[in-house]
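> Pasted the sequence and its predicted model underneath.
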Amino acid sequence: MKRLHNKVAVITGACSGIGLATTELFLSEGAHVVAADVQDDVGQHLQAKYAGQLHFAHCDVTKLDELQAAIDSAAAHFGGLDILFSNAGRIGTMGGVQAFNPQAWDNTQHLLLRSVAAGTSYAVPHMVKRGAGAIVNTSSISALQAGYAPLAYSVAKAGVLHYTSMPWCQVSLPRASSAACLAWTNRLRKTWPIACATTAAAPIRSAAQVNRRTLQRQSCIWPVMPHALSPAPTSQWTEASPSAPDTAGTPKPQAP
């Protein structure tokens, strides 16, 4: 039997990069997937390709009504929800300490951090009905040390990492776990899994135990789907709108 047989997952940012690789892996392992993304053409293609196993939901995670509708659609189409992978995101505002733009800062936090908290809140009631659940959130190497990504992005990803350890202190489920995946993208656009810090009845390892020397060696600790990772998308993100379409131009290195 496949590892995710009869499991239902919602994956945000499912139409490119880590999200698409995860979607394809989950499908190959027998899961039913709600692919939530703003890329309608890709999403419709995936729905046609994996008819009956994948449902595409248009979802801008900064719009909470769309996020909740995408998560609720798992129950409507596949009968419930077992896994939420909050992965959607872009690099956000490039402004540093002396170039603070309140609106751009808020846009970045809404995209990268608020969506994770909201998604968890919307997913947990479905998981309570199942008696179990797993929530995975994409964090970043920039959550652990400076120099890998812009300020607002790094702060948001640090928030994601810390938030991931919190929900199960407040939710009563006999079998539940959450994990924050950390990764690093180099100049060649290849994404390397760095570590997976988990929270469960028996935690595997805390992010604090991943030391700087380990990160500098770019080692893989509990690799996160290494055979399924694809290069990160070359999209760019404007400060004016967190859901603005990609613009043409020279791709810039981005943290995942």
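Cool, the structure landed.
> mind showing which ranges of this structure have poor pLDDT?
For the chain, the stretches flagged by pLDDT under 70 are 167-256.
> Now do the strands in it.
In the chain, strands defined by DSSP state E lie at 8-12, 32-37, 54-58, 83-86, 132-138, 175-185, 191-199, listed in chain order.
> OK, contacts around the closest residue to residue 39 other than its chain neighbours?
Leaving aside its chain neighbours, residue 39 sits nearest to residue 15 (4.1 Å; criterion: C-beta to C-beta, 6 or more residues apart in numbering). C-beta here means a position set from N, CA and C on the backbone, and glycine is covered the same way. Applying C-beta atoms under 8 Å, 6 or more residues apart in numbering to residue 15 gives the contacts 35, 37, 39, 42-43, 46.
> any idea which of those is closest to residue 78?
The shortest approach to residue 78 among the contacts of residue 15 belongs to residue 35, at 12.2 Å (C-beta to C-beta).
> Give the burial count for the closest one, as a bare number.
Residue 35 is flanked by 29 other residues according to other C-beta atoms under 10 Å.
> do you know how far it is from residue 8?
Separation of residue 35 from residue 8 (C-beta to C-beta, to the nearest Å): 12 Å.
> What of residue 78?
Distance, residue 78 to residue 8, using C-beta to C-beta: 4 Å.
> Give the intersection of the neighbour lists for these two.
Jointly contacting residue 78 and residue 8 under the rule C-beta under 8 Å, 6+ apart are 32, 34.
> The closest residue to residue 5 other than its chain neighbours: what's it in contact with?
Take residue 5 and drop its neighbours on the chain: the residue closest to it by C-beta to C-beta, 6+ apart is residue 30, 3.9 Å away. With contact set as C-beta under 8 Å, 6+ apart, residue 30 has these partners: 1-7.
> if you set the cut-off to 10 Å instead, what comes out?
Taking C-beta atoms under 10 Å, 6 or more residues apart in numbering as the criterion, residue 30 is in contact with 1-7, 53.
> ok, so of those residues, who is nearest residue 23?
Nearest to residue 23 among the contacts of residue 30, with distances taken as C-beta to C-beta, is residue 53, at 10.4 Å.
> The closest one contacts residue 27, correct?
Yes. Using C-beta atoms under 10 Å, residue 53 is in contact with residue 27, at 5.9 Å.
> Those two: which is more packed in?
residue 27 (20 against 15).
> what about that one, distance to residue 2?
10 Å.
> what's the burial count for the nearest residue to residue 97 once chain neighbours are set aside?
Nearest non-adjacent residue to residue 97, counting by C-beta to C-beta, 6+ apart: residue 151, 6.6 Å away. Look at residue 151: counted by other C-beta under 10 Å, it has 19 neighbours.
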